[in-house]
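Undergrad: predicted model and sequence below, questions to follow.
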Amino acid sequence: MRKLISHTILTLDGIGTIDEVAGTIIELRGGEAGEDFFRRVADEDAMLLGRTTYEEWAEYWPTSTNEPFASHINTVPKFVVSRSLEAVPWGEHGNATLVAGDLADAIADLKEQPGGNIGVHGSLTLVEGLLQADLLDEMRLEIYPVLAGKGARLFHDQPAPKRLRLADSLIASNGVAVLTYARAT
């Protein structure tokens, strides 16, 4: 069965939207943290995106030459979770697939298909929902030594406590912490 793995960039103060500090994060993502990210993404052959991330990324990535991620994201199948979108085009690369209806059933179907890992990128609301529904196999957090001050947070009011176990960690020489959590067994 395929794994569903989220990749989330966070600032030290827990902000998951990085607009205000994007330049600093891009600079810090080079080196060890970036190498680790691209090594893990190479194991993914599909991507799951929430509506907001899809709308932001569909404007940029289909024509981007920002490698190696542009080649990856433009060639793997993309699945977009949305209750409001009717179509999910991806420029000249064709369309993504719209995931509508019951999220748990859709994710179960995706995970049963042959292939590698399914990456969830950005999509803070989706990641929080997947975690609460016990649909995420791993949660990978890249925590940057930057304070954003304001912006969207990954976690809001949680309906139930969750216990996770640390599956892997990397502390880069520039202070970026990459923590991978899996479901507690």
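TA: Yep, that arrived. Numbering: from 1, shown residues only.

Undergrad: okay, now D134: neighbour count?
TA: Other residues within reach of D134, judged by other C-beta atoms under 10 Å, total 10. Every C-beta, even on glycine, is put in place using the N, C-alpha and C of the backbone.

Undergrad: what sits against the nearest residue to it once chain neighbours are set aside?
TA: Leaving aside its sequence neighbours, D134 sits nearest to R183 (C-beta to C-beta, 6 or more residues apart in numbering; 7.0 Å). Remark: with contacts taken as C-beta atoms under 8 Å, 6 or more residues apart in numbering, R183 is in contact with 134, 136-137, 164-165.

Undergrad: of those, buried ones?
TA: 136-137 (16 or more other C-beta atoms under 10 Å).

Undergrad: so where do the helices sit in this structure?
TA: Secondary structure of the chain (DSSP state H): helices located at 22-29, 32-41, 51-60, 69-75, 103-112, 124-132.

Undergrad: of all those, which one is nearest R83?
TA: helix 51-60 (7.9 Å; C-beta to C-beta).

Undergrad: just the residues contacting the helix or strand bottoming out on mean pLDDT in the chain, thanks.
TA: One helix or strand of the chain scores below all others by mean pLDDT, DSSP states H and E: helix 22-29, with a mean of 87. Helix 22-29 is contacted by residues 9, 11, 18, 37, 142, 144-146, 174-176 when judged by C-beta under 8 Å, 6+ apart.
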